[in-house]
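> heads up, no residue letters with this:
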């Protein structure tokens, strides 16, 4: 291949990459007719506030179990994956957590738990996760004051939902990974697990 | 310099999954109908010898589903992220066991799964979690899912292979198939295999 053909190849690669990233589907029959079709949304609609190496802002939010859960309670004990998803009963979100549900051992092998957060209220989150068949990790409501935690993490969108975002917080409470993802697409599970594995080294 | 660039681009292609692997034709508006034929779908021949043996395929390259050595091929379109598919997994495994434990059907009916939007890693998680005993193929970029009409998962398509190399879809439906024994009987009846043994 000559140098002259490099720009052409680069353009083809870029086109193929973009066309793949843009595609995402909610495929499960379980939610057919039950999720609101949001259409294609602005990929990211917030200003990033946290970066790797920052101390994770503490919070205390109500959970489905009825107890409040704070990130501080895991200090010195467990790594925490904070999974913000935009809203209950929407296409991509309704499958992201069920995927994490069957990957439980991958998180536990890395001494990690998940805190799933949306800006929905508790009754909505209850109905939604019941439809999934339940999840093993804590699901927290950032409903009131609305989106306060999402805002402190820099992932509150202008419509009051959160970004589709992942943060890994280590046992010292330090942010070790940030993925503020295209809201229209599901984050790659393997990337997340590989980042957790790095904490072992 | 050019060689280095070529290597970089090949790496990018590999990372993006564009080199030979899953290759499906253009998106369809609806799932393939019973009585019709499958869209052209190429899948990578499995690395594992036991899976190649199960499918009756040689090593390396890609294959089209009707090239599997069987009379009936059951195709499950699933997703690791689909709770319905997770719930259905033990049922599909049971169907596999029913077939494999029956000397009459063992070599004549095969099952494969296509993981819609799933990476190889994600398909691996599904395989390990449910101890799936039949070959599963990743469809990372949804191309097979789209070619098969973007039906909600799980979706089952069963094809009957004809002697002259053609095939016919005898079952194409979404959702769970219910009791595996009843489903197998239904397929045998619809395919005509039961009487034509």
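Thanks, I have the structure now. Just so we're clear, the structure is a prediction, and the values are computed from it rather than from any experiment.
> what's near enough to touch residue B:112?
B:43, B:55, B:65, B:68, B:73-76, B:134-137 (Cβ atoms under 8 Å, 6 or more residues apart in numbering or on different chains). The way it works is simple: take the backbone N, C-alpha and C, and place the C-beta from them, glycine included.
> Tell me the one of those residues nearest chain A?
Of all the contacts of residue B:112, residue B:76 has the smallest distance to chain A: 12.2 Å, by Cβ to the nearest Cβ.
> Sketch out the helices for the chain, chain order is fine.
No chain was given, so I picked chain A. Remark: helices assigned in chain A by DSSP state H are A:6-21, A:93-102, A:104-108, A:122-132, A:148-152, A:189-198.
> Chain B, not that one
Along chain B, counting by DSSP H, helices occupy B:2-16, B:49-55, B:83-100, B:120-130, B:143-147, B:180-191.
> Save these as JSON lines, and put in mean pLDDT too.
Formatted as JSON lines, these follow (pLDDT from 0 to 100):
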{"stretch": "helix B:2-16", "mean pLDDT": "46"}
{"stretch": "helix B:49-55", "mean pLDDT": "97"}
{"stretch": "helix B:83-100", "mean pLDDT": "97"}
{"stretch": "helix B:120-130", "mean pLDDT": "97"}
{"stretch": "helix B:143-147", "mean pLDDT": "94"}
{"stretch": "helix B:180-191", "mean pLDDT": "96"}
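> between those, which gets nearest to residue A:79?
helix B:120-130 (19.0 Å; Cβ to Cβ).
> before we move on, the earlier item: tell me the one among the contacts of residue B:112 nearest to residue A:74.
Closest approach to residue A:74 among the contacts of residue B:112 (Cβ to Cβ): residue B:136, at 34.5 Å.
> how about the nearest residue to residue A:196, chain neighbours excluded?
Leaving aside its chain neighbours, residue A:196 sits nearest to residue A:110 (3.9 Å; criterion: Cβ to Cβ, 6 or more residues apart in numbering or on different chains).
> Quick one: neighbours of that neighbour, just the number.
For residue A:110, the count of nearby residues is 21 (other Cβ atoms under 10 Å in any protein chain shown).
> picking up where we left off before, restricted to strands, list the contacts of residue B:112.
Using DSSP state E, the members of the contacts of residue B:112 that fall in strands are B:43, B:73-76, B:136-137.
> The residue lying closest to residue A:28 once chain neighbours are set aside: what's it in contact with?
Computed as Cβ to Cβ, 6+ apart, the closest residue to residue A:28 that is not its neighbour in sequence is residue B:82, at 3.6 Å. Counting by Cβ under 8 Å, 6+ apart, residue B:82 touches A:27-30, A:95, A:98, B:153-154.
> Out of those, which is nearest to residue B:186?
Taking Cβ to Cβ as the measure, residue B:186 lies nearest residue B:154 of those, at 16.3 Å.
> Out of the helices of chain A, which is the most enclosed?
Comparing those by mean neighbour count (mean count of other Cβ atoms under 10 Å in any protein chain shown), helix A:93-102 ranks first with a mean of 23.
> Now do that one and helix A:189-198, the angle between them.
Helix A:93-102 runs at 50 degrees relative to helix A:189-198, counting by axes from the mean of the first three to the mean of the last three Cα atoms, to 10 degrees.
> quick one: helix A:93-102 near chain B?
Yes - in terms of Cβ under 8 Å from any Cβ of the partner chain, part of helix A:93-102 sits within range of chain B, namely A:95-96, A:98-99, A:101-102.
> What is that helix packed up against?
strand A:79-84, strand A:112-118, helix A:122-132, helix B:83-100, helix B:120-130 (3 or more Cβ pairs under 8 Å, 6 or more residues apart in numbering or on different chains; DSSP states H and E).
> Present the ones you listed as a markdown table; the columns should include distance to residue B:167.
Conversion of these to a markdown table gives the following (distance: least, Cβ to Cβ, whole Å):
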| stretch | distance to residue B:167 |
| --- | --- |
| strand A:79-84 | 43 |
| strand A:112-118 | 44 |
| helix A:122-132 | 36 |
| helix B:83-100 | 18 |
| helix B:120-130 | 25 |
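> quick one, which of the helices of chain B is packed in tightest?
helix B:143-147 (a mean of 22).
> Establish whether that helix and chain A are in contact.
Yes - using Cβ under 8 Å from any Cβ, helix B:143-147 comes into contact with chain A via B:145-146.
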